[in-house]
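K.L.:
I would like to see how this sequence folds:
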Amino acid sequence: MRIHVIGALLLASGCSAQGSAQDGAALYRSKCLACHGTDGGGRPAIQGTNLLTDAVKNASDADLTEGIARGGKKKLASHAYATKGVKPEEIRALVEYVRTLQSKQKP
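P.N.:
Model prediction:
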């Protein structure tokens with residue numbers, strides 16, 4: 001019985017991690033892509049921030065979370081997604097997705 005429970009927990013955690021990545025990608029497409037571009041490299045024509053810079057890569061997850069949720073140090077209204085109904089778990093999924101974009105970047 002205990003093995004079945006552990007197996008079910010492992011399967012459930014794998015599914016939720018995959019779901020989180022998919023949610024993060026979908027949220028990125030709907031909320032971030034227009035300014036940050038498909039690969040996170042930014043859209044200079046509209047001054048979209050490049051998420052692949054060393055500064056952003058070296059920022060902590062807490063800093064990225066703050067930037068997405070409340071606009072970061074600059075208090076960017078365009079990013080204050082916590083006030084726009086985006087849930088904390090969705091913001092975490094976005095941070096995770098940004099990290100995946102950064103990890104795909106070639107050195």
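K.L.:
Low-confidence stretches in the protein?
P.N.:
Along the chain, the parts satisfying pLDDT under 70 run over 1-21, 106-107.
K.L.:
center of it, which residue is that?
P.N.:
Most central in the chain under C-alpha atoms, centre = their mean is L94, positioned 1.9 Å from the mean C-alpha point.
K.L.:
how close does that one get to K31?
P.N.:
8 Å (C-beta to C-beta, to the nearest Å). Where you see a C-beta, it was placed from the backbone N, CA and C, and this is true even at glycine.
K.L.:
Could you do D61 as well?
P.N.:
18 Å.
K.L.:
one step back: and the residue nearest to the centre of the chain, what does it touch?
P.N.:
By C-beta atoms under 8 Å, 6 or more residues apart in numbering, the contact list for L94 reads 24, 27-28, 31-32, 68.
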